[in-house]
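>>> Predicted model and sequence follow; I will ask about them next.
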Protein chains: 2
Amino acid sequence: MFKEFLNKLKNKKRIGVFSHLRPDGDCVGSQIALCRWLEKNGYEAKAFNEDDVPLNLMWLLDYFPIQKPTEEMVASCDLIILVDGNAVHRFGELEEWQKKYSLPMMIVDHHPDPENGFDVMVSVPEASSTCELIYKLFSEHDAEQIDEDTAKALYTGIITDTGSLQFDSVTPETVEITADLLRRGNFKPNEIIEELYSNKKLAQYKLLSKALTTIELYQDNHIAVMYVTQQMMDDTGTSNVDTDGFVNYPLSLQGVKAAIIFKDLNEDGIKMSLRSRSEIDVNIWARQLGGGGHKKAAGAWHPGPLEKAIADTIEIGKKQL
Amino acid sequence: MFKEFLNKLKNKKRIGVFSHLRPDGDCVGSQIALCRWLEKNGYEAKAFNEDDVPLNLMWLLDYFPIQKPTEEMVASCDLIILVDGNAVHRFGELEEWQKKYSLPMMIVDHHPDPENGFDVMVSVPEASSTCELIYKLFSEHDAEQIDEDTAKALYTGIITDTGSLQFDSVTPETVEITADLLRRGNFKPNEIIEELYSNKKLAQYKLLSKALTTIELYQDNHIAVMYVTQQMMDDTGTSNVDTDGFVNYPLSLQGVKAAIIFKDLNEDGIKMSLRSRSEIDVNIWARQLGGGGHKKAAGAWHPGPLEKAIADTIEIGKKQL
């Protein structure tokens, strides 16, 4: 799988590895593990991201530092590797710099439909996570190079991108890989889980409390809707990031086939996240609202107001049932 | 591990397999898988439980029926096997009947400190779940006997008793077993996860919404307290079972070392569940309130009223910090 990738690395020295904007566990985990692999194999690796690493992933920076890139830093690289993203614009200013420097560029990613123009693509949409792919880079090359810190970084990405091995992207092999990582890393799952999920803020629960009271069911309880407003955030001292995971509440209701969270955040319209746990294709649904995404998770915007956004969305969703 | 167990089965014909009262995924999963093993190996198996199987596990009954036992049914068995419990009183009326009939009795269990008096004990407190032990019965004997339905039953027990492979009881071997079950059962994790966790009631969220507003932090944010009252249940049309999992909310707050949920349910006092995610031993804590349990999860009662129960509990907990 990594033959072309390894060929392209030959004669290169300084490699810039980017994780995507608004970084998550999988992009940070794979970035750090890949940088560690590069250093173990004689390359000079630099890890870049324009955004801050979220609080619950900060501990991973002990294993490899991630820095904010400058044009100068990037221009001094011999090669750029993008992890966990399939379009250069998802990596920030790099897109502009690249027009100027045309550095060789590779991706390692599991998102569908990558854009053209990369020198090498390790693109495996059926993989559970990019960390699963980086694990394969190690195991194809020399699995003994997976040390404790690398194991923890890779484990983090697989766990966060699969909802703790619960999604349909998980294969028996994915699960075996996590077992191997637990063994090589000599750690217990709860050590990582604690870091990732046990740092909720009380304000977040106050917001969740308000959001839960807004849930309404439509279409014979097959569609569930929840909303969050700027007022609710102001009252609780929270912001948009604090709604992370909220959509899973309406989605877990008995009989619900699809759920939508509407965010009315004093922005230019209402932001919607659509989720399916049935044959309903929320990508088709979202496209009719001018958005898009995947079959099971998609997003769209509505000019508002909130009530109209909900009514219009349900009207379109009806046809999906 | 199962040598003595297999010896004891010799010359037996009708085997009664009990899961414990208020059954959960691990006891039902192991009971069903064990009954299927017994039938595949020439025994007549009966699965018994006095209580109803919870809604989210009902689908498992397609793989093997569980019936409410009568004295007559039990008396006609040659042998009784208890799964996922280490004391006969946890299995209901069986305790009385057993005094009369003194049937040979075995346990397969992973709880610490089993009581005396069983003919054979497969007691492995360090196992993640009883299903992990039943998996070993199959694999020591003939792993090919793990068919699709058996794989799903065993997977259910391991997943529910480990919080989706997140607890510190999970070893690399536990994870490898789930990979083997996914492969043999030819299913995706989300098929089971949906059955187990996606049947929430809207009323339950209305209760959760109210409960979340009660969270208070004590002792430098190291102790978190949440409460639920009968009034809150009446207002939302819910009951005690709907508070399942609520304690995980205060427990997941940043910096929290232990959390307690107080339930003031018009009963004879206040019911408390204590949870730790630190070196705080909530068993010691609960014992000082006349209760007990494990290091990380314990329970106790307080005569009330609620405010006094909280104040007294915090006072005792202080010494644990």
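Good, I have the coordinates.

>>> For A:Leu251, list the residues it contacts.
With contact taken as CB atoms under 8 Å, 6 or more residues apart in numbering or on different chains, A:Leu251 is in contact with A:224, A:258-259, A:275, A:277, B:198. For every residue, glycine as well, the C-beta is placed using N, CA and C.

>>> Any part of stretch A:189-208 near chain B?
Yes: contact of stretch A:189-208 with chain B is found when judged by CB under 8 Å from any CB of the partner chain, involving A:189-191, A:193-194, A:197-202, A:205-206, A:208.

>>> Could you list the domains of chain A?
A:3-197, A:203-318 (automatic domain parsing).

>>> possible to save these as TSV with mean pLDDT and distance to B:Leu165?
Conversion of these to TSV gives the following (pLDDT from 0 to 100; distance: least, CB to CB, whole Å):
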stretch	mean pLDDT	distance to B:Leu165
domain A:3-197	96	6
domain A:203-318	94	18
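
>>> Of these, which is nearest B:Thr178?
Nearest to B:Thr178 among those is domain A:3-197 (5.6 Å), distances taken as CB to CB.

>>> what residues does the stretch 101-250 of chain A put near chain B?
A:164-168, A:170-173, A:175-176, A:178-180, A:182-183, A:188-191, A:193-194, A:197-202, A:205-206, A:208-210, A:212-213, A:215, A:217, A:249.

>>> among these, which ones are buried?
Neighbour-count burial within these applies to A:164-168, A:170-172, A:175-176, A:178-180, A:182-183, A:188-190, A:193-194, A:197-200, A:202, A:205-206, A:208-210, A:212, A:215, A:217, A:249; the criterion is 16 or more other CB atoms under 10 Å in any protein chain shown.

>>> residues touching A:Asn283, list them.
By CB under 8 Å, 6+ apart, the neighbours of A:Asn283 are A:292-295, A:298.

>>> ok so it is a strand residue?
No: when classified by DSSP: H, G, I helix; E, B strand; the rest coil, A:Asn283 is found to be helix rather than part of a strand.

>>> Please identify which helix or strand holds the nearest residue to it once chain neighbours are set aside.
Among residues not flanking A:Asn283 along the chain, A:Ala298 sits closest, at 4.8 Å (CB to CB, 6 or more residues apart in numbering or on different chains). When secondary structure is defined by DSSP states H and E, A:Ala298 falls within strand A:297-302.

>>> Same list, the contacts of A:Asn283, but as JSON lines with neighbour count and secondary structure please.
Formatted as JSON lines, the entries for the contacts of A:Asn283 read as follows, by neighbours: other CB atoms under 10 Å in any protein chain shown; DSSP: H, G, I helix; E, B strand; the rest coil:
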{"residue": "A:Gly292", "neighbour count": "15", "secondary structure": "strand"}
{"residue": "A:Gly293", "neighbour count": "17", "secondary structure": "strand"}
{"residue": "A:His294", "neighbour count": "16", "secondary structure": "coil"}
{"residue": "A:Lys295", "neighbour count": "13", "secondary structure": "coil"}
{"residue": "A:Ala298", "neighbour count": "24", "secondary structure": "strand"}
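
>>> can you tell me which two in those residues are farthest apart?
In terms of CB to CB, these reach their longest pairwise distance at A:Gly292 and A:Lys295, which sit 10.9 Å apart.

>>> Tell me where the stretch 201-321 of chain A has helices.
Counting by DSSP state H, counting those that start in this stretch, the segments of the stretch 201-321 of chain A that form helices are A:202-212, A:230-236, A:248-251, A:282-287, A:306-318.

>>> among these, which is nearest A:Ile270?
Closest approach to A:Ile270 among the helices of the stretch 201-321 of chain A is made by helix A:306-318 (4.2 Å; CB to CB).

>>> if we look at that closest one, which residues are touching it?
Looking at what lies outside helix A:306-318 - CB under 8 Å, 6+ apart - the contacts are A:216, A:218-219, A:223, A:225, A:227, A:229, A:258, A:260, A:262, A:264, A:269-270, A:272, A:280, A:285, A:288-289, A:302-303.

>>> just the buried members of the residues you listed?
Looking at these with 16+ other CB under 10 Å, the buried ones turn out to be A:218, A:223, A:225, A:227, A:229, A:258, A:260, A:262, A:264, A:270, A:272, A:280, A:285, A:288-289, A:302.

>>> now the end-to-end length of stretch A:219-231.
Start to finish, the residues bounding stretch A:219-231 are 28 Å apart (CA to CA, to the nearest Å).

>>> Apologies, that question was intended for stretch A:53-60.
With CA to CA, one end of stretch A:53-60 sits 9 Å from the other.

>>> Pull out the buried positions in it.
Taking 16+ other CB under 10 Å as the basis for neighbour counts, the residues of stretch A:53-60 that come out buried are A:53-54, A:56-57, A:60.

>>> Now intersect those with the strands, please.
Counting by DSSP state E, no part of those is found in strands.

>>> any chance of those in TSV, plus distance to A:Arg14?
As requested, the buried residues of stretch A:53-60 are arranged in TSV below (distance: CB to CB, whole Å):
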residue	distance to A:Arg14
A:Val53	22
A:Pro54	27
A:Asn56	30
A:Leu57	25
A:Leu60	22
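
>>> mind listing what the residue in chain A sticking out farthest from the centre touches?
In chain A, A:Asp220 marks the outermost C-alpha relative to the chain mean, sitting 32.4 Å out by CA atoms, centre = their mean. Taking CB under 8 Å, 6+ apart as the contact definition, A:Asp220 lies against A:Gly255.

>>> Distance check, it against chain B.
14 Å (CB to the nearest CB, to the nearest Å).

>>> what does A:Asn116 give?
32 Å.

>>> how about that residue, what does it touch?
Contacts of A:Asn116 by CB under 8 Å, 6+ apart: none found.

>>> Once you drop chain neighbours, what's closest to A:Ala179?
Leaving aside its sequence neighbours, A:Ala179 sits nearest to B:Val175 (CB to CB, 6+ apart; 3.8 Å).
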